[in-house]
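Peer 1: what would the 3D arrangement of this be:
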Amino acid sequence: MSSFTPKERAFIDRHRVARLATSDLHGAPHVIPIVYASEDDAVYFIVDDKPKRTHLGLKRLRNIEQNSRVALLIDDYDEDWTSLAYLLIHGRAAVVADREEYARVLSALRARYPQYRPMRLATDSHPMVRITRERGRLWQATPER
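Peer 2: As a prediction, the model looks like this:
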């Protein structure tokens, strides 16, 4: 486990969407966009009330239960390729069980995304996942954007 560098932290904080890659026991990949909050050396997301078949049966959660190794990509795309940049985070994912941690991060998610404020989100019905950074790579086409 290692901490985010100041440049990585700034990149994380100025973006709103990431792509989460998980895989099952057989290595079958699954990639979805997520919104997130970060704290210390971790990035968090929650399974919210947007239409889903079932919260607990989601492929991303089943994959994390089988294989906790994940990748998270936060990126900038532009037709001007000198503006391209990304942060690739490799880490371990786990469902948050601690109610204090859940409440603290839920507050951060609600502050970051007003859409979460009216939702009744709770530990027993809306799993939250912590991705703990093991390594990361920040790449920018031109330095110091």
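Peer 1: neighbouring strands - and their directions - for the top strand by length along the chain?
Peer 2: Counting by DSSP state E, the longest strand found in the chain is strand 128-140. Strand pairing for strand 128-140, determined by DSSP bridges: strand 42-46 (antiparallel), strand 85-95 (antiparallel).
Peer 1: the ones you listed: which one's closest to L25?
Peer 2: With Cβ to Cβ, the closest approach to L25 among the strands paired with strand 128-140 belongs to strand 85-95: 14.6 Å. Heads up, the C-betas are built off the backbone N, CA and C, glycines and all.
Peer 1: next secondary structure after that closest one?
Peer 2: helix 99-112 (DSSP states H and E).
Peer 1: contacts only, for Y86.
Peer 2: Counting by Cβ atoms under 8 Å, 6 or more residues apart in numbering, Y86 makes contact with L73, I74, D75, D76, L138, W139.
Peer 1: and the second one, that one's in a strand?
Peer 2: Okay, so that is I74. Yes. According to DSSP: H, G, I helix; E, B strand; the rest coil, I74 belongs to a strand.
Peer 1: residues contacting the least confident helix or strand in the chain by mean pLDDT, please?
Peer 2: Every helix and strand in the chain was compared by mean pLDDT, DSSP states H and E; the lowest is helix 59-66, with a mean of 93. For helix 59-66, the surrounding residues in contact (Cβ under 8 Å, 6+ apart) are 20, 22-25, 30, 32, 47, 55, 70, 93-95, 127, 129.
Peer 1: measure the residue lying farthest from the centre of the chain to A94 for me?
Peer 2: Residue farthest from the centre of the chain, counting by Cα atoms, centre = their mean, is D80 at 26.6 Å. Look at D80 and A94: by Cβ to Cβ, to the nearest Å, they are 39 Å apart.
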